[in-house]
Structures are given as structure tokens and as C-alpha cells.
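*Asks:* Quick one: sequence plus predicted model below, questions after.
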Amino acid sequence: MSDQDPPGFFDLQVNGYAGVDFNGDDLSGEQLHRACERLAADGVDGILATLTTDDVPRLAGRLERLAALREQDPLARRTIAGVHVEGPFISPVAGFRGAHPQRFIHPADVDEARRLLDAGAGLVRMVTLAPECDAGLAVTRLCADAGVVVAAGHCDPALDELRAAIDAGLTVFTHLGNGCPLEMPRHDNVIQRVLSLGGSLWLTFIADGAHIPLFALGNFLALAGRDRAAVVSDAVAAAGLGPGTYRLGRREVVVGDDMIVRGPDGYLAGSGVTMARSAANLREHLGLSDDTVRRLTSTNPRRAIGC
């Protein structure tokens with residue numbers, strides 16, 4: 001890329017790529033390098049490698065391993081701007097917890113949060129939690145004071161809880177329209193509450209057409225404002241591999257011809273769609289200009305984490 005070329009995609013939520021699972025306990029330097037090569041080939045300049053809900057000691061070990069492997073690889077250092085820790089401090093309620101394993105979900109804990117931040121050796125850039133599961137918003141304040149971006153997600157906070165979390169340092173909402181039940185109160189629900197406070201939050205969306213129908217995504221973007229929205233892939237290890245059956249950690253998932261990743265019961269389990277395909281969806285299905293697509297997939301994600 002020359003100095004005159006616009007920056008490539010920046011993805012705040014990448015669980016894995018091209019057969020490489022960032023949540024694997026046996027992640028190798030060669031695997032990490034290969035994932036970064038494929039990301040670069042697909043036009044992605046930077047990511048937050050995303051680690052999801054698990055036993056906290058195991059999560060800490062994965063953070064330490066990822067930080068060490070990244071440090072050894074110049075390409076990984078350029079590509080991985082930081083780590084996004086999604087869970088385990090999220091809602092345990094069915095629907096809100098999504099595909100996160102319930103047995104590892106628990107209320108936010110300052111000592112455990114500090115352990116995770118320390119394990120990342122400064123690499124943790126974002127933490128997604130449920131504000132209503134963070135007593136006194138102690139973990140929100142801890143992370144914000146440490147310069148870590150705090151995001152709400154997989155949660156169901158009341159409007160007053162959201163406002164209080166914003167005052168304590170919350171600045172992002174993770175994949176709005178997902179991590180919530182299929183059926184909710186039609187008016188007073190987490191989507192409406194977040195949209196009502198959208199001027200104070202960065203809102204991220206998955207643009208694969210399955211997590212949110214693209215016509216609904218267009219509605220969300222119109223309400224959220226394109227200057228406060230960002231597109232994420234929520235890519236898992238199967239991203240970029242094409243249709244087939246793959247193993248992600250302890251789970252077997254199926255990628256269909258639509259490139260959507262589903263678990264054995266048909267639930268969504270992350271996405272197999274690349275950022276390039278997401279950008280094409282924005283242009284082809286929503287009629288967005290190249291400048292607006294670049295803002296949603298490159299400029300705004302960087303701004304959301306101060307990168």
C-alpha cells in the first residue's frame with residue numbers, strides 16, 4: 001500500500017480466520033502468521049483479535065500466548081492492534097448470552113478483570129460486558145481508567161443502567177441487533193434503549209445479511225448515524241474457507257453456501273463472511289457510497305478505539 005492509498009478494513013471483532021482459531025489453546029506462531037497473511041490478502045489492515053467467554057484462568061493463558069506470539073511476528077504486530085475480550089461478564093439469560101457457554105458466564109469481578117488485563121500485557125483494547133452484571137460498575141471504571149474501551153453487549157440493561165454505564169466510561173455497544181432474544185418487548189427493549197442513547201455510543205453491526213437482514217441494517221444505520229456506526233465481521237476460524245463443516249474449539253459448526261456459520265442446533269455461531277463481502281453488501285444492497293462504506297469499515301472502527 002502506498003502513502004496515497006486509502007487504509008484498508010479495520011475489524012474490531014475477529015475470533016479467528018482462514019482455519020485459525022484465536023481461542024485455541026494450541027495456537028501457534030505459524031497459525032497466527034497465516035491468519036494475518038490471509039487477512040491482509042482480503043484487504044484487512046488491522047483487527048482486534050477477539051477472545052470469548054471461557055474459564056478465566058484459561059482465558060488469561062490464551063491472552064498471554066497471543067501476546068507472546070504477536071510480539072515475535074512483525075506481520076502480526078502490524079495486523080493485530082489489540083485484543084477484544086468478549087465475556088465472561090455478560091448476561092447468563094438465554095437469548096442474551098447468544099452462543100457463549102453458560103457455565104463460564106458470571107458477574108463482573110474486579111480481580112478477574114485485572115488478571116485478564118495483566119495477562120494481555122497492555123494488548124487488551126476492548127472489553128465487552130453486561131452493565132447490569134457489573135455491580136457498582138466497578139469493572140467498567142477499572143477498564144476505562146486503564147485506557148481500555150468498554151463495550152456493552154450480550155446484555156439487557158435498563159435505560160438508567162445504560163446511562164450510568166456511559167457516565168462510568170462505556171463508549172461502545174457490541175453488534176447491536178444480536179446477542180438478544182428473538183422475541184422481546186416491542187417497545188422497551190435493549191435495541192430501542194441503545195438507539196435512544198446512540199449519540200453517546202459507538203454502535204457496531206454485523207453486515208453479513210444473516211445476523212441482521214440488510215434492510216434492517218439500513219434502518220439501524222439511518223437511526224444510529226453513519227458517523228457513530230462501525231461494521232464488524234465477528235469472523236470465526238471458518239471465515240474465508242468456504243462452505244463446509246469445521247471444528248471451532250469444542251464445537252462443530254457448519255458454513256452454508258450463504259457463508260453463515262451455524263452450530264448443530266442451527267444457531268448463529270459467528271460469521272464466515274469477510275470484511276470485503278460485508279463492504280460489498282453495504283454497496284450493493286444498501287446503495288451506500290464508497291466513502292460511506294470506507295467510513296463504516298475502516299475510519300470509524302479506528303476512531304472507536306482511538307487508533
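*Replies:* Okay, I see it.

*Asks:* ok, residue 32 - contacts?
*Replies:* By CB atoms under 8 Å, 6 or more residues apart in numbering, residue 32 lies in contact with 20, 66, 69, 70, 73, 76. C-betas here are computed from N, CA, C, even on glycine.

*Asks:* give me the element it is part of.
*Replies:* Using DSSP states H and E, residue 32 maps to helix 29-41.

*Asks:* ok, back up a step: the contacts of residue 32 in strands, which ones?
*Replies:* Using DSSP state E, the members of the contacts of residue 32 that fall within strands are residue 20.

*Asks:* Name the nearest of the contacts of residue 32 relative to residue 288.
*Replies:* Using CB to CB, residue 20 comes nearest to residue 288 of these, at 30.4 Å.

*Asks:* Give the bridge partners for that closest one, please.
*Replies:* Listed by DSSP bridges, the beta-bridge partners for residue 20 are residue 17.

*Asks:* Distance of it relative to residue 304?
*Replies:* 25 Å (CB to CB, to the nearest Å).

*Asks:* Next: residue 164.
*Replies:* Counting by CB to CB, the gap from residue 164 to residue 304 is 21 Å.

*Asks:* When the two are compared, which one has more neighbours?
*Replies:* residue 304 (23 against 17; other CB atoms under 10 Å).

*Asks:* Now residue 178: phi and psi?
*Replies:* Residue 178 adopts backbone torsions of phi -130, psi 170, taken as degrees, to the nearest 10.

*Asks:* Please verify my assumption that it contacts residue 98.
*Replies:* Yes - with contacts counted by CB atoms under 8 Å, residue 178 reaches residue 98, the gap being 7.0 Å.

*Asks:* Please identify which of the two sits among more neighbours.
*Replies:* residue 98 (23 against 18).

*Asks:* The nearest residue to residue 13 once chain neighbours are set aside pairs with what?
*Replies:* Setting aside the residues directly before and after it, residue 13 is nearest to residue 232 in space (CB to CB, 6 or more residues apart in numbering), at 4.0 Å. Beta-bridge partners for residue 232, by DSSP bridges, are residue 206.

*Asks:* and the nearest residue to residue 146 once chain neighbours are set aside, what does it touch?
*Replies:* Nearest residue to residue 146 in three dimensions, chain neighbours excluded: residue 117, at 6.0 Å (CB to CB, 6+ apart). Shown in contact with residue 117 (CB under 8 Å, 6+ apart): 124, 142, 143, 146, 148.

*Asks:* go on, residue 15?
*Replies:* Residue 15 neighbours (CB under 8 Å, 6+ apart): 21, 22, 23, 50, 51, 52, 234, 235, 236, 237, 270.

*Asks:* Let me see the backbone angles for it.
*Replies:* Residue torsions, per degrees, to the nearest 10, at residue 15 are phi -80, psi -20.

*Asks:* try residue 85
*Replies:* With angles defined as degrees, to the nearest 10, residue 85 sits at phi -100, psi 110.

*Asks:* State the three-state secondary structure for the closest residue to it other than its chain neighbours.
*Replies:* The spatially closest residue to residue 85, leaving aside those adjacent along the chain, is residue 127, at 4.9 Å (CB to CB, 6+ apart). Residue 127 falls in the strand class when you classify it by DSSP: H, G, I helix; E, B strand; the rest coil.

*Asks:* can you count the residues close to residue 127?
*Replies:* Residue 127 sits with 28 neighbouring residues when counted by other CB under 10 Å.

*Asks:* contacting residues around it?
*Replies:* Neighbours of residue 127 in contact, by CB under 8 Å, 6+ apart: 84, 85, 86, 89, 113, 116, 139, 143, 148, 149, 150, 151.

*Asks:* and the second one, what is it in contact with?
*Replies:* Taking CB under 8 Å, 6+ apart as the criterion, residue 85 is in contact with 50, 51, 59, 63, 116, 120, 124, 126, 127, 128.
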